[in-house]
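[1] 3D, please:
(one chain, ligands or ions: 2)
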Amino acid sequence: MHDTMRAVVIAEYGGSLQATRRPVPRPGPGEVLVRVRASGLCSTDLHLLSGRQPLGDLPRIVGHELAGDVVELGEGVAHWRPGDRVTAAIDVTCGRCRHCLAGDTQLCRSMQRIGFERDGGHADYVAVPAANLVALPAEISYEAAAILPDAVACMYHSLIHQGGVGIGQRILILGVGGLGIHGVQIARSAGAEVLATSRQPQRVALAEQYGAVGVNTAHESLEAAVQRFTDGEGVDVVVDNVGNRASVLQGLKVLRPGGKFLVVAYLDETFEIPSLPLFKTELEIIGCRGSTRQDLIDVVRLVRIGQVTPVLGASYALDRIGEAAARLESGDLVGRIWLTRD
Ligand SMILES: [Zn+2]
Ligand SMILES: [Zn+2]
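    Ligands and ions are numbered 1, 2, ... in the order given. Predicted structure coming up:
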């Protein structure tokens, strides 16, 4: 193994993402060193660069979605072997607080996240706690696995745990991006009917390809589409992947009485909620944050049995992360971007 590696480091806010050289990390007690084979580029990485989401201590190696091979075990690691193919849950949690003890690790108050408060996976190597590793079966490629911890597991957590989505329900997914397209598949695999919206025809078409009824909201009224889709009843659950004032108001309007509105995105800092309809029809507004390690394990299984197909948009070499970021910002891509090694 070399002493140094390629890594995408944010040293100060602003500028562009680029690969530079850093020392290869050593795994501490309870950690493993993973040779990263692919990592997922997320729009959050761009928010980290701009400082919109502050990182705390800089410099920091970013990248919170990764897949690769275990290459070295730290002290006390028993259940993994060099050569194991793995992905990693993002949240490094304390295991002791009331939320961790209840299995709600996504709410741990002393959490450190891979690629945020600790160094991440846009690099050739990353040291992560062995507790965060999830084994990858041979059928799942590194590329596909590299977009599971955030884009797919987060939708799974939102729909299944927070939304209680199940058989026979009618779900509205607002926004068919890197998250929404996987939300469509997860809701379908849970037995729900899905209506999915976008203002871009190719995204509407993709949602339909994965089993949703697509609505192009640039041309059609959402209310009319929901009326038709639910025979006038309203949807059971709305998943808001857009997160602006308009999406919240529209989504709340098309819920059935007692329906659930899942807040996944937060583009606008504040939302306005009409109070009387909320009161009169007992609507629930539910926050959704990240996922647990068990969510990631479940998602790996869903991919293995073919219930969910990770939708990959484009790949770039790690050294070309600047171009990849520009492509992501352009918004012309459907599906996630992943970064390859060598
Ligand atoms: Zn992300
Ligand atoms: Zn905790």
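[2] what about Pro277, how many neighbours?
    By other C-beta atoms under 10 Å, the residues close to Pro277 number 14. Backbone N, C-alpha and C define where each C-beta goes, glycine included.
[3] doesn't it fall inside a strand?
    No. The assignment for Pro277 (DSSP: H, G, I helix; E, B strand; the rest coil) gives helix, which keeps it out of a strand.
[4] Let me know the pLDDT of it.
    According to the predicted model, the pLDDT of Pro277 comes to 91.
[5] which residues touch the residue lying closest to Gly28 once chain neighbours are set aside?
    Distances taken as C-beta to C-beta, 6 or more residues apart in numbering put Gly74 closest to Gly28, at 5.3 Å, once the chain neighbours are dropped. Gly74 makes contact with Arg26, Pro27, Gly28, Pro29, Gly30, Glu31, Val32, Leu33, Ala127, Ala130, according to C-beta atoms under 8 Å, 6 or more residues apart in numbering.
[6] out of the residues you listed, who has the most neighbours?
    Counting neighbours by other C-beta under 10 Å, Val32 leads the contacts of Gly74 with 27 neighbours.
[7] pLDDT wise, what is that residue at?
    Per-residue pLDDT puts Val32 at 98.
[8] Next: Phe271.
    We have a pLDDT of 89 for Phe271.
[9] Please report the number of neighbouring residues for the closest residue to it other than its chain neighbours.
    Among residues not flanking Phe271 along the chain, Val248 sits closest, at 4.5 Å (C-beta to C-beta, 6+ apart). Residues lying near Val248 (other C-beta under 10 Å) number 24.
[10] Over to Leu249?
    Look at Leu249: counted by other C-beta under 10 Å, it has 13 neighbours.
[11] One more: the one 4 residues further on?
    Counted with other C-beta under 10 Å, residues neighbouring Lys253 total 14.
[12] For it, list the residues it contacts.
    Glu223, Pro277.
[13] Give me the nearest residue to the closest residue to ligand 2 within the stretch 101-250 of the chain, chain neighbours excluded.
    Nearest to ligand 2, among the residues of the stretch 101-250 of the chain, is Cys108, at 3.1 Å (C-beta to the ion). Once flanking residues are discounted, Cys108 sits nearest to Thr93: 3.9 Å by C-beta to C-beta, 6+ apart.
[14] can you give me phi and psi for the one you found?
    For Thr93, the backbone dihedrals are phi -110, psi 160 (criterion: degrees, to the nearest 10).
[15] which parts of the stretch 101-250 of the chain sit against ligand 2?
    Taking C-beta under 5 Å from the ion as the measure of proximity, the stretch 101-250 of the chain contacts ligand 2 at Cys108.
[16] Now do the residue lying closest to Arg188 once chain neighbours are set aside against Leu179, distance only.
    In space, Arg188 comes closest to Gly211 once its chain neighbours are excluded; the distance is 4.4 Å by C-beta to C-beta, 6+ apart. With distances taken as C-beta to C-beta, to the nearest Å, Gly211 is found 16 Å from Leu179.
[17] Neighbour count for the two, which is higher?
    Of the pair Gly211 and Leu179, Leu179 is the one with more neighbours under other C-beta under 10 Å, namely 23 against 15.
[18] right, and the secondary structure at the residue in the stretch 101-250 of the chain that ligand 1 sits nearest to would be what?
    With C-beta to the ion as the measure, the residue in the stretch 101-250 of the chain that lies nearest ligand 1 is Asp150; the distance is 3.8 Å. Going by three-state DSSP, the secondary structure assigned to Asp150 is helix.
[19] residues making contact with the helix or strand where Trp338 lies?
    Per DSSP states H and E: Trp338 is located in strand 336-340. Strand 336-340 is touched from outside by 37-42, 63, 122, 143, 146-147, 151, 178, 310-318, 321, 324, 327-328, with contacts defined as C-beta under 8 Å, 6+ apart.
[20] now do stretch 221-235
    Here stretch 221-235 makes contact (C-beta under 8 Å, 6+ apart) with 170-172, 193, 195, 197, 213, 215, 250, 253-257, 259.
[21] Just the buried ones among the residues you listed, please.
    Neighbour-count burial (16 or more other C-beta atoms under 10 Å) applied to the contacts of stretch 221-235 gives 170-172, 193, 195, 197, 213, 215, 250, 254-256, 259.
[22] Looking at those residues, which two lie furthest apart in space?
    With distances taken as C-beta to C-beta, the most widely separated pair in these is Glu193 and Gln250, at 19.1 Å.
[23] okay, the angle between the helix or strand harbouring Glu323 and strand 336-340?
    With secondary structure defined by DSSP H and E, Glu323 is part of helix 321-330. In this structure, helix 321-330 runs at an angle of 180 degrees to strand 336-340, with axes from the mean of the first three to the mean of the last three C-alpha atoms, to 10 degrees as the basis.
[24] on that earlier part again, so which of the contacts of strand 336-340 are in strands?
    With strands taken from DSSP state E, the overlap with the contacts of strand 336-340 comprises Arg37, Ala38, Ser39, Gly40, Leu41, Leu312, Gly313, Ala314, Ser315, Tyr316, Ala317.
[25] Residue of the stretch 201-342 of the chain closest to ligand 1, please.
    Proximity of the stretch 201-342 of the chain to ligand 1 (C-beta to the ion) peaks at Gly290, 9.1 Å away.
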